[in-house]
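Undergrad: Below is the sequence, then the predicted model.
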Amino acid sequence: MPHADSSLVPPEITTKPDFWNHVRIQLEYLLADQKHWVTNLANASSLIYNSLLAFPLHFGDGERAVNWCGFYIDSSLFPDPRVIGEIDERTMAQNKNKILLGPFCGKPACQYINVAPNQARGVCANAFVQRQTVLVQNVDEYPGHIACDGNTKSEIVCPLILPNVLDLDCLASGGFDEEDKIGLESIADLIAKSCNW
C-alpha cells in the first residue's frame, strides 16, 4: 500500500474509538522500520491530520475541522546552533526552558513556547509541565492561551513520555472529547516508544 493511503478512513469506521484505533494501526506500519524522531513525527502529524480530514462524521474539512496537528519538542533534543565566530551565550541560554516547534501540518505556528518555572503559559506548556493531557473545550476561556491561529476554538495536547507534546487544534468549540483523549494518548505512547530520542 502506498504510504499516502494510510490516511484513508474506511467507510465502516463510524465511531471515534474505532477511528483512533485505525489511525494507531496505520501509524504502527509507518513507524515500523524507522527510529529517527524527526521522520516519525513528520509522518505522525501528517497521518493524524489527513485522517481527521477524511473522517467527516466527527471532523472532516468543514466547521469541525482540525486546523493544526503537530509537535513541540524539548529544546535539549535539538543540536546547538553552529555559528561562525563567537558563540552567543545569551542566545544559548534563551533556548533553555523552551519547547520548539517540530514537525506539523497546518498553518504556521509559534516557533517556541516558554516552559520555564513560573513563566510557562498556554495549553502546550501546561501539558508539558504537568505531564498530563490537557483538553480545552473553549480556548477563549483558557487562562494564558497562546493563539497561533485565531480561528482555533478548542485544543487537546498530549505529552509524550519524553518532554515533548502532541498538539491538535480544532475550528469548533468542544471539538475534542474523552474518546479523543484516550485515542491520542495511545498514539502518543506509540510515538514515544517508536523513536530514538
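TA: Done, it's in.
Undergrad: When you work out contacts or count neighbours from here on, use the C-alpha atoms and nothing else.
TA: Noted.
Undergrad: my guess is Leu47 meets Leu27, correct?
TA: Yes: contact between Leu47 and Leu27 holds when scored by Cα atoms under 8 Å: they sit 7.3 Å apart.
Undergrad: Of these two, give the one with the bigger neighbour count.
TA: Neighbours per residue (other Cα atoms under 10 Å) separate Leu47 from Leu27, with Leu47 holding more: 25 against 21.
Undergrad: Excluding chain neighbours, what is closest to that one?
TA: Closest residue in space to Leu47, ignoring its immediate chain neighbours: Ser7 at 5.3 Å, by Cα to Cα, 6 or more residues apart in numbering.
Undergrad: which residues touch the one you found?
TA: Counting by Cα atoms under 8 Å, 6 or more residues apart in numbering, Ser7 touches Val23, Gln26, Leu47, Ile48, Asn50, Ser51, Ala54.
Undergrad: swap the cut-off to 6 Å and go again
TA: Listed by Cα atoms under 6 Å, 6 or more residues apart in numbering, the contact partners of Ser7 are Leu47, Asn50, Ser51.
Undergrad: Tell me the backbone dihedrals of it, please.
TA: Phi and psi for Ser7, reported as degrees, to the nearest 10, are phi -90, psi 0.
Undergrad: where does it land on pLDDT?
TA: With respect to pLDDT, Ser7 has a value of 90.
Undergrad: now swap in Pro79 and tell me
TA: Here, the pLDDT recorded for Pro79 equals 80.
Undergrad: Show the contacting residues for it.
TA: For Pro79, the contact set (Cα under 6 Å, 6+ apart) is empty.
Undergrad: the bottom helix or strand of the chain by mean pLDDT?
TA: Least confident element among the helices and strands of the chain, by mean pLDDT, DSSP states H and E: helix 89-94 (a mean of 60).
Undergrad: those strands in the chain, which residues are they?
TA: Per DSSP state E, the chain carries strands over the ranges 66-74, 98-106, 112-114, 134-136, 154-159, 164-170.
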